[in-house]
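Colleague: can you look at this prediction? I've put the sequence above it.
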Amino acid sequence: MSDQGRSDAIQRLFDLLADHLEAWLEGDDLAIESLDQTLQESGMSGEEIEAGVLALRSIAGRPSGAAVATVDEAPGLRAQRVLSAEERESLSPEAWGFLLALRQRGSLDPLQFEHVLDRLTASGVRPIGIELAREVAVRVALRGAGRGDVFEEGAGDGELAH
């Protein structure tokens with residue numbers, strides 16, 4: 001499935017959740033209980049629902065795993081980067097190779113490289129393709145590491161807004 005297809009599936013999941021929560025707030029006591037049936041009838045795969053859950057946790061600032069590594073300092077120039085289990089599940093081999101090439105050429109410094117990986121992993125898209133990797137890398141490189149989030153309010157249509 002393409003990055004856009006995953007993004008669309010996540011948006012559909014968010015719409016379903018919002019509809020059910022809104023109905024519950026309006027007094028429909030069974031709205032939350034009927035969410036399971038609605039999800040089954042939606043035709044979304046378990047992978048698409050899991051991507052939506054990861055995106056929600058990312059938005060809420062809660063990591064999906066037990067341990068989260070953060071980068072306070074840039075790795076050394078000759079440091080070898082190894083993907084975490086979550087990153088391996090997230091990135092396609094092509095996207096990983098693309099990011100490594102950017103890092104090797106110096107297009108991304110070590111800290112920017114880590115910021116790109118953090119944002120891609122938190123995006124909820126699985127697997128992440130080259131196009132999304134390129135988009136996030138460009139945004140991080142243009143903004144400079146540590147000068148704000150690349151997923152800002154006002155992102156264009158079709159872009160991930162986190």
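Modeller: Yes, it's here.

Colleague: touching, Glu86 and Thr121? I think so.
Modeller: Yes. If you go by CB atoms under 8 Å, Glu86 and Thr121 touch, sitting 5.7 Å apart. (C-beta placed from N, C-alpha, C; glycine too.)

Colleague: more neighbours: those two, which one.
Modeller: Using other CB atoms under 10 Å, the more surrounded residue of Glu86 and Thr121 is Thr121, with 24 against 17.

Colleague: dump the residue contacts of the more buried one.
Modeller: Contacts of Thr121 were listed using CB atoms under 8 Å, 6 or more residues apart in numbering, and they are Glu86, Glu87, Ser90, Leu91.

Colleague: now with 7 Å, please.
Modeller: Taking CB atoms under 7 Å, 6 or more residues apart in numbering, we find Thr121 in contact with Glu86, Glu87, Ser90.

Colleague: same check, this time on Leu108
Modeller: By CB under 7 Å, 6+ apart, Leu108 lies in contact with Leu102, Val116, Ala137, Ala141.

Colleague: surely it is within a helix?
Modeller: No. Leu108: not assigned to a helix; according to DSSP: H, G, I helix; E, B strand; the rest coil it is coil.

Colleague: CA atoms of the helix or strand where Gln11 lies as CSV?
Modeller: Using DSSP states H and E, Gln11 sits in helix 3-25. What follows is helix 3-25, C-alpha atoms only, in CSV (Å, rounded to 0.1, in the frame of the first residue of the first chain):
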residue,chain,number,x,y,z
ASP,A,3,2.1,6.2,1.7
GLN,A,4,-1.0,8.1,0.5
GLY,A,5,-3.1,4.9,0.9
ARG,A,6,-1.9,4.5,4.5
SER,A,7,-2.5,8.1,5.3
ASP,A,8,-6.0,7.8,3.9
ALA,A,9,-6.7,4.7,6.0
ILE,A,10,-5.5,6.5,9.1
GLN,A,11,-7.7,9.5,8.3
ARG,A,12,-10.7,7.1,7.9
LEU,A,13,-9.9,5.5,11.3
PHE,A,14,-9.7,9.0,12.9
ASP,A,15,-13.1,9.9,11.3
LEU,A,16,-14.7,6.7,12.7
LEU,A,17,-13.3,7.3,16.2
ALA,A,18,-14.4,10.9,16.1
ASP,A,19,-17.9,10.0,15.0
HIS,A,20,-18.3,7.4,17.8
LEU,A,21,-16.8,9.7,20.5
GLU,A,22,-19.1,12.5,19.4
ALA,A,23,-22.2,10.2,19.5
TRP,A,24,-21.1,9.1,23.0
LEU,A,25,-20.8,12.7,24.1
